[in-house]
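Peer 1: Sequence plus predicted model, see below.
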Number of protein chains: 2
Amino acid sequence: MPRTATGESSLARAIRILAAFTPDTPSLTVSEIARSAGLHTATASRLIAELTAHGLLERGPDRQVRTGVRLWELAVRASPTRSLREAALPYLEDVHAVVGHHAQLGVLDGDDVLFVERLTARHAVLNYSRIAGRLPLHISSSGHVLLAHGPPELQERILDGPLPRYSATTITDPRALRAALADTRRLGYALVEGHVHEDAAGVAVPVRDALNAVVAALSVIVPNDGRAPTYVPALLAAARGVGRSLATTRSPR
Amino acid sequence: MPRTATGESSLARAIRILAAFTPDTPSLTVSEIARSAGLHTATASRLIAELTAHGLLERGPDRQVRTGVRLWELAVRASPTRSLREAALPYLEDVHAVVGHHAQLGVLDGDDVLFVERLTARHAVLNYSRIAGRLPLHISSSGHVLLAHGPPELQERILDGPLPRYSATTITDPRALRAALADTRRLGYALVEGHVHEDAAGVAVPVRDALNAVVAALSVIVPNDGRAPTYVPALLAAARGVGRSLATTRSPR
């Protein structure tokens, strides 16, 4: 791909433009996009025009720019998380119906949990993770499950820190995190009470594919009232269902 | 963006590469991608390497290429359908729980219904539309709703045909389609029995935003046994709930 004097390709710049759009900034002006992507306004403007022509961005009547439905379609219809999400959704619905709070599905991506599906309680007590939202591995129950069963080199990198604090009870000591991961493997679930926010507890269990590899974490976020462990059996049963469903589909993730 | 001798930008070629991945072809070899995108293998290979470096594509151990989790994340986290999908999901779950078959949410995109959310019955009788799947407007109940309330110029273009046949009962006569659209407006719902497949019936109702504009269609796909109209009241109630929810969110779509 042709490169500019700075050695950066136009595709790389186009991707930086797409990355300017987040859940908190779903619509932006051209100059906001330029600033966020670190581009001159003229360069940003030219690339935005081309992305808009292809439907990857859209311009509203207010001249605000947002991501286009075509981008969503291209990304979702053959997504690597699609078969996992489709296998999990019916079981996630069951958990959601029984537990009555947030139920979600997360996968390991880099040093984070990336949430690929979430069902929200209509009168939600608490609301942290979102679809396509991320959380650090050390603060979330899903993160503990994915890290506990993740590659040893990832575990060492995370345990080497830093482990930023998010609430009064966030685990910031590597030894405490190592113990929590050992507990997660021994018990078969992760329980994280008040580490993201004092009022919320997370419970997560591993989802295993046909080869017994952990491919996702199934979790609920519930009030931090000491009753979180009572949801473990329902989560474990649902995770088995998801794994069975996955075994009958082509792609493991 | 720099253009090649053919006048096509690298970004345009990169987008053609992404478009090669569909629900039926979620993983492809480099030469399959080159063929589908109409590119020389060397050109395709270079662009695939750059897209992979940015995480928009991923290469499996089998050398097969698939779309990357990063593409999904960029597209989903600020998607224009996100607020609609989030407003609709709890009501879609209720409909799904009560009706027990496929419940889905579709928006108008070009000359198609694009399904942005769908809840599937675990032991599904029938399974046609998929998330990020499309159906022509004239054959689906969601399409009738979106077309009946769509721009007059779109209605004229679709009515001008052609209206391809999908089953023995597909509407292929423009006068019959015009009458069906009038019925849809008059009754407040669309009923399409056996037009996609003889064993399935679709029932759809409009979802309106705070300005009373139709922004989506909420529908169920049920067995074609004559009982489809009994689901209309549940759908209408759910669509009102979605509309109310939408009114409290920032972006109308």
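Peer 2: Thanks, I have the structure now.

Peer 1: and stretch A:208-225, which residues are buried?
Peer 2: A:208-209, A:214-222, A:224 (16 or more other CB atoms under 10 Å in any protein chain shown). Every residue, glycine included, has its C-beta placed from N, CA and C.

Peer 1: So which of the residues you listed are in strands?
Peer 2: Among the buried residues of stretch A:208-225, the members found in strands (DSSP state E) are A:208, A:214-222.

Peer 1: rewinding a little: looking at the buried residues of stretch A:208-225, which two lie furthest apart in space?
Peer 2: A:D209 and A:N224 (31.6 Å; CB to CB).

Peer 1: so who does A:S141 touch?
Peer 2: Listed by CB atoms under 8 Å, 6 or more residues apart in numbering or on different chains, the contact set of A:S141 reads A:189-192, A:202-204, A:217, A:219.

Peer 1: how about the strands in chain A?
Peer 2: Ranges of strands in chain A, per DSSP E, are A:27-28, A:57-59, A:65-67, A:102-109, A:112-119, A:134-136, A:190-193, A:200-208, A:214-223.

Peer 1: Now do the shortest one, average pLDDT.
Peer 2: Regarding strand A:27-28, the rounded mean pLDDT is 92.

Peer 1: quick one: strands adjacent to that strand?
Peer 2: strand A:65-67 (antiparallel) (DSSP bridges).

Peer 1: so how many other residues sit close to A:A237?
Peer 2: Counted with other CB atoms under 10 Å in any protein chain shown, residues neighbouring A:A237 total 14.

Peer 1: wait, A:R82 sits on B:T22?
Peer 2: No - distance between A:R82 and B:T22: 11.2 Å, which falls outside the contact criterion (CB atoms under 8 Å).

Peer 1: more crowded one of those two?
Peer 2: Using other CB under 10 Å, the more surrounded residue of A:R82 and B:T22 is A:R82, with 22 against 14.

Peer 1: Read off the pLDDT value for that one.
Peer 2: Reading off the model, A:R82 has pLDDT 75.

Peer 1: do you know how far it is from chain B?
Peer 2: Here the criterion is CB to the nearest CB, to the nearest Å. By it, A:R82 lies 7 Å from chain B.

Peer 1: what do you get for A:A20?
Peer 2: Distance from A:A20 to chain B, by CB to the nearest CB: 9 Å.

Peer 1: And A:E153, by the same measure?
Peer 2: For A:E153, the distance to chain B - CB to the nearest CB - is 18 Å.

Peer 1: again with A:A239
Peer 2: For A:A239, the distance to chain B - CB to the nearest CB - is 16 Å.

Peer 1: Also A:R178?
Peer 2: 27 Å.

Peer 1: cool, and A:D111?
Peer 2: From A:D111 to chain B the distance is 14 Å (CB to the nearest CB).

Peer 1: Hmm, A:I158 and that residue touching each other?
Peer 2: Yes - between A:D111 and A:I158 there is a contact under CB under 8 Å: 6.5 Å.

Peer 1: Give me the common contacts of the two.
Peer 2: A:L137.

Peer 1: Looking at those two, which is more packed in?
Peer 2: Neighbour count, other CB under 10 Å: between A:D111 and A:I158, A:I158 has more, with 21 against 14.

Peer 1: Not counting sequence-adjacent ones, nearest residue to the more buried one?
Peer 2: Among residues not flanking A:I158 along the chain, A:L137 sits closest, at 5.6 Å (CB to CB, 6 or more residues apart in numbering or on different chains).

Peer 1: do you know how far that neighbour is from A:V205?
Peer 2: In this view, A:L137 and A:V205 are 16 Å apart by CB to CB, to the nearest Å.

Peer 1: Neighbour count: the two, which is higher?
Peer 2: Shown here are A:L137 and A:V205; by other CB under 10 Å, A:V205 has more neighbours (30 against 27).

Peer 1: is it true that that one touches A:A216?
Peer 2: No - at 9.9 Å, A:V205 and A:A216 do not qualify as touching, with contact defined as CB under 8 Å.

Peer 1: Return the residues in contact with A:D225.
Peer 2: A:A201.

Peer 1: If we use 10 Å, what do you get?
Peer 2: Residues near A:D225 by CB atoms under 10 Å, 6 or more residues apart in numbering or on different chains: A:193, A:199, A:201.

Peer 1: could I get these as TSV with distance to chain B and pLDDT?
Peer 2: TSV is the format used below for the contacts of A:D225 (distance: CB to the nearest CB, whole Å; pLDDT from 0 to 100):
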residue	distance to chain B	pLDDT
A:E193	26	86
A:D199	22	81
A:A201	22	89
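
Peer 1: filter those to the buried ones?
Peer 2: For the contacts of A:D225, buried by 16+ other CB under 10 Å: A:193, A:201.
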